[in-house]
Structure formats: structure tokens, C-alpha cells
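Visitor: what's the 3D shape of this:
(chains A and B)
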Amino acid sequence: MKTAMTFIGIGALFLIPAVAPAYLVHIATFIAIYTLPVIGLGFLTGFTNRISLAQGAIFGVGAYVTALLTTQYGWSPVAAFLPSIIGAVLVATVLGAPAMRLAGLYFVMATIAIHQIVWIVLMNWIDLTNGPQGVRSIPPLAIGSLKLETPHTYYYAAFGAALVSFFLARRIVSSRLGLQLRALSEDELASAMSGVPVYRAKVVALALSAAWAGAGGFLYAHYMRFVHPEMFTLEPSILFLTMAMFGGYRSLIGMVIATAVLESATEFLRPFGEFRMIVYGLILMLGMMFFPKGVLTLGPVWHRWFGRSRSANA
Amino acid sequence: MLLVDNVSLSFRGLRALDGVSLSIGAGEMVGIIGPNGSGKSTLFNVISGIYRADAGDVRLEGKSIAGQGPAEIVGLGLARTFQNKRLFGNMTTLENVMVAAFRNQRGNAFGDVFALPNSRKGRESSEGLARECLNLVGLSDLAESLARDLPFGAQNRLEIARALAAKPKLLLLDEPAAGLNPSERHDIRSLVERVFSSGVSVLLVEHDVRLVTGLCSRVIALDHGVKIADGLPADVIADRRVQEAYFGPEDGIDADTAA
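Guide: Residues are numbered from 1 along each chain as shown, chains lettered A, B, ... in the order given. Got it, this is the predicted structure:
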């Protein structure tokens, strides 16, 4: 039953480009792309209880690595995929590993600093990054002779990547590493006393979050075909964080739903006209008030209020 | 097995441990008693690497472990339980124990995620070990329950199962019978006996003096961070300083000035 539902769901998502108007496909593509950095934040925040505002910058590193390799050094986009991930992981671990010793607001402050470091490099190291010019004419993602130039074709690449990253993340969560990370997030001392190498596990969680962000940045760069430092300000960081928070950090499916809802919010809030952003803000506020642990905790609340016998587990 | 040599530790000038020395031989079960605040838990925290002693040395099987972190010390064959139960509440009973059982598992995370043969075998053996430990403490039936939903007594036993899954040579038990009713106490006692007879050396902190004297071949008494007695249970209980530590000096005048 559950497997059947999963297949029907995936099948339906596959059909989007065939039935939906181009603008919706465009939004769906963004949802698929953003799923990656959001899931990445889930690794970091869900398992180490550390809130990062640098995810947008790490996402930007992934985007810039492929942008520069493909435009300046003539790499094919597919070949630049792994370097994007590696670049993001390197930047995140080199700058972030020392910060993993911090907790709470201090860690948040450190991630803002990391964000600024990355942003300043993107903006000012002109020889390397092209600075405020940005990087133009990024080649489209191509698989063999098939160029993914339209939103319709690109959707499949983004959706496929989101799907793979989702199931990969699920495997990681249920693996030994995932169990160790869950233990660590519940009780650091007890997990250390059970032989979990606490600091190393935290750095691994950080690296995973960066890997997902880097892959997302890669997809973003080849979809936009243009990158600019202004795309990677604190704004995407806050957006990703909001999406992950709404999803509940630990629930992969919850985070995907949250990403979809918030990313498409500007669309379904269109009837509100110029009050759109106010309604958006209201949704965020009410969400934080009524299901601070993520959208899927809405299930039990629904059950309590409306007596439906449907329970949702995060 | 374990040698604690002249260990001292102060918190803001308060001497929690003051030159404590003791040793535990292989195949020995030793109890530590002492009134509240006598330094029992602090001593456990020093031995298990949670606190770092100001002075002195701790040796496990001849190797100094002073200054090493908890995870390394577990790796050297020492496990412990916590008095104020620190279980992973949102994980199942089995998962709680598996986290510790992973210590014995080889293979890297990459192999785990892609279920390579080595990792799969390792995972199976970890789960097998975890189930064995649950069986030993009598929690097999509750393997799939969340740890936070377990009854109080079962949580104590889960603490012990989790510690055992790390395959320790020396097990530190921190008040395993605290807050239990007499029948649960009895269960814990026979459980500790079973663990001990499986070849694990045990260091036991317990308030219940009867439990300690019934189980241990040797008892150490602490008071105000100082070791005041060390010997056969009956001798230690009868020791005048131990009596005074618990009940005050015989002449009734409060001579307690150390705190």
C-alpha cells in the first residue's frame, strides 16, 4: 500500500511537465532544486541541533564551482558535478568545523560570518569569481547530445536529482551513521559514553549538509545559466532555513512538503494581490506557533481537533 | 584492571575529590558507598572521562586514560550507566542498544549507505549483539518501544543493556537500583550478578548498603572526597569513620567542618 502510494506519487510528479503550464513547471523545478539544500540543512540542524545561516553561501559555492569550471576552463557540466559537491564540502568543513564546537546563538553567529566570508570572496576576488559581473553564459546541462535547455526538460534533471538525494538521505538516516547522529542529538554525553565519536560525527553531518547544498547549487547554476554574488546573500539562507524548520528538520518528507508549499506560496497566494507577502508572513508566524516541530506534526493536531483516525509520524 | 592513583578534583575551590586512590582487579566486583556529596559520582565522571582530574592518574589495564574523552575510554573497554538515566528517548529500545553495539562494527559509512556486503554483515552482527544484550536484561519484548515510553524499572535495565553492548571489560554502575521497588531491586541484583559472572568486572555505586554488601566482595567508602575505608563489606560497614560519615560523630557534636 505504502509502496504503491509512493510510486503513484512519484509518477504524478513525473507527469507535471506534460500537463502543467510552463510557469508551474518552472516553480516545480525550483522546488526540486531547493529540496537539496533543505534536506542538507536537515542533516545539520536535525542531528546536531545547530542552526546554520550559511547554507545559501554553500549553495552558492556549488553554483560558482560549476559556473567557473564550465565557462572558464571548458569543462562539460556533467564533469563539474562532483567538483561542485567537493568544493562546497571543502569550504563548509574548513570554515565550519571549528565552529561546530560552538552551540546555540554562537554557532548561528559563526555561520553568518562564514556566509560573509564566502560572499565577500564571490564579490571581490574578481580574478577568480568575476566579482560583481557574475558569471554569464553557463552552458546548459547536457546528457550526451540531449541538452536540457527548457524548463520542461530541466525539470526531469532537477526532479531526478531531488529524488535520488531524497532516497540517499533516507538511507543515511537509517544507517549506522544516522543512528549515531540521532543518538548524539538526543544526548551528547550518553552517545559519547556509547562510543560515538561526537565531534567527528558532527563534522560529518556538516559535510553532508554541504554536499547536498553543493549539488543543489550545481543544479541551480545550470538552470539559471547565470550566477551573481547577489543571488547568494543571506536571503536564500533564511529561505532554506525556514523550509527546513517548517519541515521539522528530522522528517525528510516533511521538509520536501515544506519546500513545495513555501516555494509555491507566491503562486497560490496570488488572489491576495498586493497583500501576498503579508499573508505569507502570517502563514510563517502561525506555522511557528502551531506546529513548531514541522508540518507533519500537524497530523496529531488534526486528529485531536477533528477526530480523524489518521496519525502522522515525523 | 583499574587503578585510580591519587586523583584530586576541585570545583571553584570545593574539593570534590581529594587524593583518592583505589584499584579494582580483574574479575572483582567492588562497591562504593558514601553519603550524598561524598564524591561518588564525581569519581565515576573522572574515571569515565567526563571530568578531567586536576591531579593524579587513572589507568585501565596499565594504560593511562586520564585526559582521554569518553568515546576513547569506551573503546578501551570501560562502559558506564548513568544514575539519572540518559537514554535516547525518541529512539527504540533496540536502537538505543545498537548505538553502543556499533563500537564493535567495522566498515565505513559509505559501505553502510550502499549496503555493501561487509557493512550488511556488520549491521547484522551489531543487531544480534544488541538483541542478546536486551535478552540478558529481559527487555526483548520491548525492543520496538520508544525508550521514553518504558516503565521506570525497564529504563534502568536498558541503561545496563546499552553499556553491555559496548562489550566492556569493566562496567561502572551508577546507582542502578535508585528509585526501584523491592521486587525490581531484586531483579537488578540478579541481573548484576549475571553480568558479573559473564566475566565483566564491576564497580558499583549504590545508596542501598544492603545491595552493595550482598553483591560486592570489597567495599570502598568515600566521605567529602576522601577515601575513608576500603576492605571487606562487613569491616567497612563497622568502621567507625564510615558510621560517623553516615550518622554523625558518636558524641553528637557536629564536627563536620570540611564543607
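Visitor: tell me the SS of B:Val7?
Guide: Here B:Val7 is recorded as strand under DSSP: H, G, I helix; E, B strand; the rest coil.
Visitor: Tell me which residues of whichever helix or strand B:Arg162 is part of come out buried.
Guide: Assigned by DSSP states H and E, B:Arg162 belongs to helix B:152-165. Of all the residues in helix B:152-165, those buried under the rule 16 or more other CB atoms under 10 Å in any protein chain shown are B:153-165. Every residue, glycine included, has its C-beta placed from N, CA and C.
Visitor: when you scan that helix, is anything in it near chain A?
Guide: Yes. Applying CB under 8 Å from any CB of the partner chain, one finds helix B:152-165 in contact with chain A at B:162, B:165.
Visitor: on contacts alone, who are the packing partners of that helix?
Guide: strand B:78-80, helix B:93-101, helix B:117-137, strand B:170-174, helix B:182-197 (3 or more CB pairs under 8 Å, 6 or more residues apart in numbering or on different chains; DSSP states H and E).
Visitor: For the residue nearest to A:Ile143 when sequence neighbours are not counted, list the residues it contacts.
Guide: Excluding the flanking residues, the one nearest A:Ile143 by CB to CB, 6 or more residues apart in numbering or on different chains is A:Val78, at 6.9 Å. By CB atoms under 8 Å, 6 or more residues apart in numbering or on different chains, the contact set of A:Val78 is A:141-143.
Visitor: In strands, which of those fall?
Guide: Counting by DSSP state E, these place A:141-143 in strands.
Visitor: For the stretch 51-200 of chain A, just list every one of the helices.
Guide: A:55-72, A:81-96, A:104-124, A:126-129, A:151-174, A:176-186, A:188-192, A:198-224 (DSSP state H, counting those that start in this stretch).
Visitor: May I see the buried residues of the last one?
Guide: Put plainly, it is helix A:198-224. Applying 16+ other CB under 10 Å to helix A:198-224 flags A:198-199, A:201-223 as buried.
Visitor: ok, now stretch B:162-181?
Guide: B:162-178, B:180.
Visitor: tell me which of the buried residues of helix B:152-165 is nearest to B:Phe44?
Guide: The nearest member of these to B:Phe44, counting by CB to CB, is B:Ala163 at 12.2 Å.
Visitor: Hmm, that closest one is touching B:Leu171, no?
Guide: Yes. Using CB atoms under 8 Å, B:Ala163 is in contact with B:Leu171, at 5.9 Å.
Visitor: quick one: common contacting residues for these two?
Guide: With CB under 8 Å, 6+ apart as the test, B:Ala163 and B:Leu171 both reach B:79-81.
Visitor: Distance check, A:Met277 against A:Ala215.
Guide: Applying CB to CB, to the nearest Å, the value for A:Met277 to A:Ala215 is 30 Å.
Visitor: and what of B:Ala16?
Guide: Distance from B:Ala16 to A:Ala215, by CB to CB: 50 Å.
Visitor: Equivalent analysis for B:Lys169, please.
Guide: B:Lys169 is 45 Å from A:Ala215, by CB to CB.
Visitor: now B:Ala163
Guide: 40 Å.
Visitor: for B:Arg123, same thing?
Guide: Separation of B:Arg123 from A:Ala215 (CB to CB): 26 Å.
Visitor: Any idea how many residues pack against residue 68?
Guide: Going with chain A. 21 (other CB atoms under 10 Å in any protein chain shown).
Visitor: my bad, the chain I had in mind was chain B
Guide: By other CB under 10 Å, the residues close to B:Gln68 number 17.
Visitor: That one contacts B:Gly49, doesn't it?
Guide: Yes. B:Gln68 is within contact range of B:Gly49, at 5.4 Å (criterion: CB under 8 Å).
Visitor: And for residue 208, nearest residue in space, chain neighbours not counted?
Guide: Picking chain A for this. A:Phe43 is the one closest to A:Leu208 (CB to CB, 6+ apart), at 4.4 Å.
Visitor: wait, chain B
Guide: Closest residue in space to B:Asp208, ignoring its immediate chain neighbours: B:Ala177 at 5.5 Å, by CB to CB, 6+ apart.
Visitor: which SS state does the one you found fall under?
Guide: coil.
Visitor: give me every residue that touches it.
Guide: B:156, B:184-185, B:188-189, B:206, B:208, B:211.
Visitor: Would you point out which residue is most central in chain B?
Guide: Centroid-nearest residue in chain B, with CA atoms, centre = their mean: B:Leu172, separated by 2.1 Å.
Visitor: Dig out what it forms beta bridges with.
Guide: Judged by DSSP bridges, the bridge partners of B:Leu172 are B:Arg80, B:Leu203.
Visitor: Please report how far it lies from B:Val46.
Guide: Counting by CB to CB, the separation of B:Leu172 from B:Val46 is 11 Å.
Visitor: try B:Asp223
Guide: Per CB to CB, B:Asp223 is found 17 Å from B:Val46.
Visitor: Of the two, give the one with the bigger neighbour count.
Guide: Using other CB under 10 Å, the more surrounded residue of B:Asp223 and B:Val46 is B:Val46, with 24 against 21.
Visitor: so what pLDDT did the residue nearest to the spatial centre of chain A get?
Guide: Nearest to the geometric centre of chain A sits A:Pro37, at 1.7 Å (CA atoms, centre = their mean). Reading off the confidence values, A:Pro37 has pLDDT 96.
Visitor: neighbouring contacts of stretch B:199-216?
Guide: B:1-2, B:24-33, B:40-41, B:44, B:47, B:83, B:164, B:168-178, B:185, B:189, B:192-193, B:195-196, B:219, B:233-234, B:237.
Visitor: Now tabulate the helices and strands packed on helix B:152-165 in CSV and tack on distance to A:Ala162 and mean pLDDT.
Guide: Listed next are those as CSV, based on distance: least, CB to CB, whole Å; pLDDT from 0 to 100:
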stretch, distance to A:Ala162, mean pLDDT
strand B:78-80, 42, 95
helix B:93-101, 28, 95
helix B:117-137, 26, 90
strand B:170-174, 47, 95
helix B:182-197, 49, 92
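Visitor: thinking again about what came up before, dump the buried residues of helix B:152-165 to a markdown table, plus pLDDT.
Guide: Formatted as a markdown table, these follow (pLDDT from 0 to 100):
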| residue | pLDDT |
| --- | --- |
| B:Gly153 | 88 |
| B:Ala154 | 92 |
| B:Gln155 | 93 |
| B:Asn156 | 92 |
| B:Arg157 | 93 |
| B:Leu158 | 95 |
| B:Glu159 | 95 |
| B:Ile160 | 95 |
| B:Ala161 | 96 |
| B:Arg162 | 95 |
| B:Ala163 | 95 |
| B:Leu164 | 95 |
| B:Ala165 | 95 |
